[in-house]
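Chemist: turn this into a structure:
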Amino acid sequence: MSDRLLSGHGPLDAVLGGGLPGNSISLIMGLPGTGKTIIAQQYAFRNARPGRPAVYFSTVSEPLDKIVRFGQDLDFFDRAAVGKSVFFEDLGAAAGTGGLDGVTKQIAAVLRERRPGLIVIDSFKALHEFADSNGDFRGFLQELAGMLGALAVSSLWVGEYDQAEVGSLAEFAVADAILELAAERTGRRETRFLTVRKLRGSGFLTGQHAYRLSGSGLHLFPRLADLPIEVGYELGDTRASSGVAALDDMLGSGYWPGASTLIAGPSGAGKTLMGLHFIFNGARQGEPGVIASLQENRTQLQRVAAGFGWSLDEPHVEMMYRSPVDIYLDEWVYELLRIVEQTRARRVVIDSLADLRLAATEETRFQEFAYSLVQRFSQKGVSVLMTLESPELFHPQRLSDSAVSHLSDNVVLLRYVQEGNLVNRAMAVIKSRASHHDPAIRQFTIGTRGIVLAGASVPPGEPHAEPASPDRRAAPRRASRPKT
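Modeler: So this is what the prediction gives:
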């Protein structure tokens, strides 16, 4: 066995600093249904060798035949390996007749016969039922750990433990690594997280890492929480057009490459349309762009784009649509980063931040995500435009409840203004980092050419809206909006 026990899933091994420590005891804890048995079998089949097989012991919590039957539905379950490099053994009968002494004797016999490199005991917690006292169980632990250490065997102990038991049960002190699998519910949403509670002799990525379970096993999405970089990086000096000539003038010749732009405004004010201007303007200059939509699907957005003479099938335009109903924030961002890398995109539109904020389920997590994503795009010289719906139609009092406006290099505020019986649209550039900008509030119309700014400012008496300090109120969910 190597000094690292690999899972076969790169993101998980990266979170673990290169894998679980080899020739050691690792404990996988979590409530029923969190995927403990799946990840244990994933490790077993990944590390099994004919000369150093993996042995999977069941105890009394789940019948062995059930573990094997459901395991066969997993992609990594190799039936040809069973009986050759992967062996399944039942400890339940030995525990029932001989208690912990019987368990120790059977494990010792299998170790002598099979000479495994890895053993799994599922469920290890169930063995507590066969101890006469805490002292009796501690003696069993000491004997088992000594036996495994002498033979240089890696082991995974799987159990339905909760957090309250971490500090009270002896096996947590014996374990060299502790992985916790958990499912957290927020409203009607449920997100699964893996947390490394302990990892001796190795660095690892802290915090909660989202994961999904599928037929191919556990898929981990490491927490996106980048540290500030201490070295500089090169950015181009050629401005990127917003796609609206008059807005470019207001911004001082457009956006800097690698800049982040927040477009905030009420429903129907033109936020998505500004994003389309940005993407198609770049695409027609040979700059690839990605539209990451959580509102309109491809058919819906294609209909909108066609009304202005654009097509999602044009060269250098890529669309990534994901439903906001069942979205993991971490899974979504890694998919976006993959598409940006694959297409070599220079422009990205995210529509909308409100949906991503709801998917984050927790305020700090969303702020970490927003900071990290903006920084990653900046380092790659990718310009990103993000939309955010504001609840106020006429007199916005805030831009963001999550400090997104503070992270953005440019902030453009859309709003409505009333003139008699008419309701018109207007915009203002209220922030443009490293640039002089026109602070006037300008009215605009939406027609077949898209957004067209009027020459006049908003009538006297209409106040400029300044970004307020972020508070903790939830960002509003975006309503259906009219398209012109």
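
Chemist: need phi/psi at the spatially most central residue of the chain.
Modeler: With the centre of the chain defined as its mean C-alpha position, the nearest residue by CA atoms, centre = their mean is residue 330, 0.8 Å away. With angles defined as degrees, to the nearest 10, residue 330 sits at phi -70, psi -40.

Chemist: ok, now which ones touch it?
Modeler: Contact analysis of residue 330 by CB atoms under 8 Å, 6 or more residues apart in numbering lists 209, 210, 221, 222, 223, 224, 369. No exception for glycine: its C-beta is placed from N, CA and C like everyone else's.

Chemist: now a PyMOL select for only the buried ones of these.
Modeler: Buried residues among the contacts of residue 330 (16 or more other CB atoms under 10 Å), as a PyMOL selection:
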select buried, resi 209+210+221+222+223+224+369
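
Chemist: so which of the contacts of residue 330 comes closest to residue 119?
Modeler: Lowest distance from residue 119 to the contacts of residue 330 (CB to CB) belongs to residue 209, with 25.8 Å.

Chemist: so the closest one sits against residue 218, correct?
Modeler: No: counting by CB atoms under 8 Å, residue 209 sits too far from residue 218 to count as a contact (10.5 Å).

Chemist: ranges for the helices of this structure?
Modeler: With helices called from DSSP state H, the chain shows them at 10-15, 36-47, 64-71, 92-114, 134-150, 171-174, 245-251, 271-283, 298-306, 329-343, 353-360, 363-379, 404-407.

Chemist: reformat these as TSV; add mean pLDDT.
Modeler: Listed next are the helices of the chain as TSV, based on pLDDT from 0 to 100:
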stretch	mean pLDDT
helix 10-15	95
helix 36-47	95
helix 64-71	83
helix 92-114	94
helix 134-150	93
helix 171-174	94
helix 245-251	88
helix 271-283	95
helix 298-306	95
helix 329-343	95
helix 353-360	88
helix 363-379	89
helix 404-407	78
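
Chemist: between the ones you listed, which one is nearest to residue 388?
Modeler: Set against residue 388 and scored by CB to CB, those come closest in helix 353-360, at 4.6 Å.

Chemist: other SSEs contacting that closest one?
Modeler: Helix 353-360 is packed against helix 329-343, helix 363-379, strand 383-389, with contacts defined by 3 or more CB pairs under 8 Å, 6 or more residues apart in numbering; DSSP states H and E.

Chemist: list the buried residues of it.
Modeler: Going through helix 353-360 with 16+ other CB under 10 Å, the ones that come out buried are 353, 354, 355, 356, 357, 358, 359, 360.

Chemist: OK, contacts around the last one?
Modeler: With contact set as CB under 8 Å, 6+ apart, residue 360 has these partners: 329, 366, 369.

Chemist: residues near the second one, how many?
Modeler: Residue neighbour count, defined by other CB atoms under 10 Å, stands at 22 for residue 366.

Chemist: relative to residue 5, how far out is it?
Modeler: Distance check for residue 366 against residue 5: by CB to CB, to the nearest Å, it reads 34 Å.

Chemist: picking up where we left off before, got TSV for the helices of the chain, with distance to residue 449 too?
Modeler: What follows is the helices of the chain, written out as TSV (distance: least, CB to CB, whole Å):
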stretch	distance to residue 449
helix 10-15	45
helix 36-47	54
helix 64-71	59
helix 92-114	74
helix 134-150	73
helix 171-174	66
helix 245-251	11
helix 271-283	10
helix 298-306	13
helix 329-343	27
helix 353-360	27
helix 363-379	29
helix 404-407	29
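
Chemist: out of those helices, which gets nearest to residue 450?
Modeler: With CB to CB as the measure, helix 271-283 is the member of the helices of the chain nearest residue 450 (5.7 Å).

Chemist: quick one: contacts of the closest one?
Modeler: By CB under 8 Å, 6+ apart, the list of residues contacting helix 271-283 from outside reads 240-244, 263-265, 288-291, 295-296, 301, 304-305, 308, 310, 314-317, 346-347, 349, 351-352, 383, 385, 387-389, 412, 414, 446, 450-451.

Chemist: let's go with 7 Å and repeat that
Modeler: Contacts to helix 271-283, defined as CB atoms under 7 Å, 6 or more residues apart in numbering, come from residues 240-244, 263, 265, 289, 291, 305, 310, 314-317, 346-347, 349, 351, 385, 387, 414, 446, 450-451.

Chemist: about what we covered before: got the helices and strands packed on helix 353-360 as JSON lines, with distance to residue 395 columns?
Modeler: Supplementary listing: the helices and strands packed on helix 353-360 in JSON lines, determined by distance: least, CB to CB, whole Å:
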{"stretch": "helix 329-343", "distance to residue 395": "31"}
{"stretch": "helix 363-379", "distance to residue 395": "25"}
{"stretch": "strand 383-389", "distance to residue 395": "16"}
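
Chemist: on that earlier part again, let me know the closest of the contacts of residue 360 to residue 85.
Modeler: Proximity to residue 85 was ranked across the contacts of residue 360 by CB to CB; first place goes to residue 329, at 38.2 Å.

Chemist: and that closest one, how many neighbours?
Modeler: By other CB under 10 Å, the residues close to residue 329 number 23.

Chemist: how about the buried residues of helix 353-360 in TSV, adding distance to residue 90?
Modeler: Listed next are these as TSV, based on distance: CB to CB, whole Å:
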residue	distance to residue 90
353	52
354	52
355	48
356	47
357	48
358	46
359	42
360	43
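
Chemist: just those residues now: which is nearest residue 81?
Modeler: The shortest gap between residue 81 and any of the buried residues of helix 353-360 belongs to residue 359, at 38.4 Å (CB to CB).

Chemist: correct me, but that closest one touches residue 327?
Modeler: Yes: A contact is recorded between residue 359 and residue 327 when judged using CB atoms under 7 Å, the distance being 4.7 Å.

Chemist: domain parsing for this protein?
Modeler: 4-221, 245-457 (automatic domain parsing).

Chemist: kindly check the end-to-end length of the first one for me.
Modeler: So the one you mean is domain 4-221. Distance between the boundary residues of domain 4-221 (CA to CA, to the nearest Å) amounts to 21 Å.

Chemist: try stretch 148-156
Modeler: The first-to-last residue distance of stretch 148-156 comes to 11 Å (CA to CA).

Chemist: again, but for stretch 245-257
Modeler: The first and final residues of stretch 245-257 sit 17 Å from each other (CA to CA).

Chemist: if we go by neighbour counts, what in that stretch is buried?
Modeler: For stretch 245-257, burial by neighbour count (16+ other CB under 10 Å) applies to 246, 247, 248, 250, 251, 252, 254, 255, 256, 257.

Chemist: kindly report the same for stretch 27-47.
Modeler: Within stretch 27-47, the residues that count as buried by 16+ other CB under 10 Å are 27-30, 34-47.

Chemist: swap in stretch 300-312?
Modeler: The neighbour-count check on stretch 300-312 (16+ other CB under 10 Å) flags 301, 302, 304, 305, 308, 310, 312 as buried.

Chemist: check contacts around the first one.
Modeler: Which is residue 301. Contacts of residue 301 were listed using CB under 7 Å, 6+ apart, and they are 293, 312, 319.

Chemist: just for this structure, where's the confidence low?
Modeler: Judged against pLDDT under 70, the low-scoring parts of the chain cover residues 1-2, 227-236, 396-403, 455-484.

Chemist: appreciated, that's everything.
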